[in-house]
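Chemist: Dropping a prediction and its sequence here:
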Amino acid sequence: FSAYAEAGINRVSLGVQSFDNTMLDRIGRIHGRAEIDRAIESIRQSGILNFNIDLMFALPGQSVEEAISDIGLAMAAGPAHISHYQLTLEPNTAFHANPPELPKSDMAWDMQERCADLLNAGGFRQYEVSAWSKDRKHCQHNLNYWTYGDFLGVGAGAHSKITLPAEGVIRRRIRHRHPKAFLAGLRSGDFRSDDRALGAEERVFEFFLNQLRLLRGVDKHQFTARTGLPWRVVSERVGIAVSKGLLEDRGRWLKPTDLGWRFSNETQALFLPEEQ
């Protein structure tokens with residue numbers, strides 16, 4: 001990490017997931033508590049003060065007390081930012097094919113609420129569904145995603161989102177994931193495994209999917225600039241969200257209500273692409 005600091009890197013995100021070796025083993029991680037402690041000490045010695053710790057909760061067989069313990073140990077490490085999110089079983093993974101027994105929803109909710117209380121007491125404030133930070137230490141990298149900004153992916157398997165105003169399109173590009181296919185691009189001059197323009201309905205959904213992750217809500221002023229579409233294409237759906245008590249219209253901002261924040265998936269679903 002000292003070499004990273006010398007190269008100009010000023011922020012590090014550490015994928016801890018849990019400080020408990022048993023939990024790490026259950027979710028198939030190859031690191032343990034000893035590697036975590038060494039990494040944190042190396043970050044401290046490097047002088048990089050702005051670092052994030054990634055944590056998951058509702059792990060197989062995890063108790064509420066164990067989830068709370070992870071938060072306490074994370075805060076004791078002195079990060080400026082903590083990402084705290086519930087384990088989800090993604091398609092095309094070993095867990096999805098053979099699901100482990102996870103804590104019941106009521107227990108997972110209790111974990112989330114009690115960990116949130118501990119984070120707030122420790123001076124962290126939630127600004128995104130799974131992101132907590134000290135004052136002015138929001139992750140600028142992720143904020144670009146969540147506000148539907150553009151980004152370039154340059155390595156194997158990397159994703160890009162690129163707005164091309166002259167063409168009036170937004171393109172999503174994916175680079176070859178397999179090293180052999182990626183390196184073949186040196187000869188062909190094309191590293192892309194997928195390159196397509198997003199339709200209007202996709203742009204609407206992606207914009208709201210991302211901005212509704214933010215506690216501050218949706219910036220209406222960014223909608224046309226980021227999607228190329230007029231606000232009128234979403235005004236009816238916004239009205240439905242407001243009438244259901246999920247969003248509050250505050251002029252420039254559409255802010256989630258307490259109900260809307262708790263049921264963010266339901267709010268996002270209102271902006272799914274309409275069936276043709």
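Modeler: Now that the structure is in, tell me what you want to look at.

Chemist: Regarding stretch 24-35, how distant is the last residue from the first?
Modeler: 12 Å (C-alpha to C-alpha, to the nearest Å).

Chemist: now do stretch 98-110
Modeler: Termini of stretch 98-110 sit 25 Å apart (C-alpha to C-alpha).

Chemist: just for the stretch 151-276 of the chain, where's the confidence low?
Modeler: 275-276 (pLDDT under 70).

Chemist: all strands in the chain, in order from the N-terminus.
Modeler: Taking DSSP state E as the test, the strands found in the chain are 12-17, 51-57, 81-86, 125-128, 131-133, 159-164, 169-175, 192-197, 218-219, 247-250, 253-256.

Chemist: what inclination does the first one have with respect to strand 81-86?
Modeler: Put plainly, it is strand 12-17. 30 degrees (axes from the mean of the first three to the mean of the last three C-alpha atoms, to 10 degrees).

Chemist: what helices or strands is strand 12-17 leaning on?
Modeler: helix 33-46, strand 51-57 (3 or more C-beta pairs under 8 Å, 6 or more residues apart in numbering; DSSP states H and E). Every residue, glycine included, has its C-beta placed from N, CA and C.

Chemist: for the record, mean pLDDT for the last one?
Modeler: Strand 51-57 shows an average pLDDT of 97 in the prediction.

Chemist: One more: stretch 69-85?
Modeler: 97.

Chemist: returning to what we had before: and the helices and strands packed on strand 12-17, which is most packed in?
Modeler: Most buried of the helices and strands packed on strand 12-17 by mean neighbour count (mean count of other C-beta atoms under 10 Å) is strand 51-57; its value is a mean of 23.

Chemist: now it and strand 81-86, what's the angle there?
Modeler: Between the axes of strand 51-57 and strand 81-86, defined by the same axes, to 10 degrees, the angle is 10 degrees.

Chemist: Remind me what strand 51-57 packs against, helices and strands.
Modeler: By 3+ C-beta pairs under 8 Å, 6+ apart, strand 51-57 packs against strand 12-17, helix 64-76, strand 81-86, helix 105-121.

Chemist: any idea which of the ones you listed is most buried?
Modeler: Buried most deeply of these, by mean count of other C-beta under 10 Å, is strand 81-86, with a mean of 21.

Chemist: can you tell me how far the residue lying closest to Val169 once chain neighbours are set aside sits from Phe191?
Modeler: Nearest non-adjacent residue to Val169, counting by C-beta to C-beta, 6 or more residues apart in numbering: Ala197, 4.4 Å away. To Phe191, Ala197 is 18 Å away according to C-beta to C-beta, to the nearest Å.

Chemist: How about Ala76?
Modeler: 43 Å.

Chemist: just Ala181 next, same as before
Modeler: 9 Å.

Chemist: Have a look at the two and say which one is more surrounded.
Modeler: Between Ala181 and Phe191, Phe191 has the larger neighbour count (other C-beta atoms under 10 Å), namely 20 against 14.

Chemist: In contact with the closest residue to that one other than its chain neighbours, which residues are there?
Modeler: Among residues not flanking Phe191 along the chain, Gly185 sits closest, at 3.6 Å (C-beta to C-beta, 6+ apart). When contacts are counted by C-beta atoms under 8 Å, 6 or more residues apart in numbering, Gly185 touches Arg175, His176, Phe191.

Chemist: same thing with Glu206?
Modeler: By C-beta under 8 Å, 6+ apart, the neighbours of Glu206 are Tyr148, Leu198.

Chemist: Distance-wise, check it relative to Leu215.
Modeler: Using C-beta to C-beta, we find Glu206 at a distance of 19 Å from Leu215.
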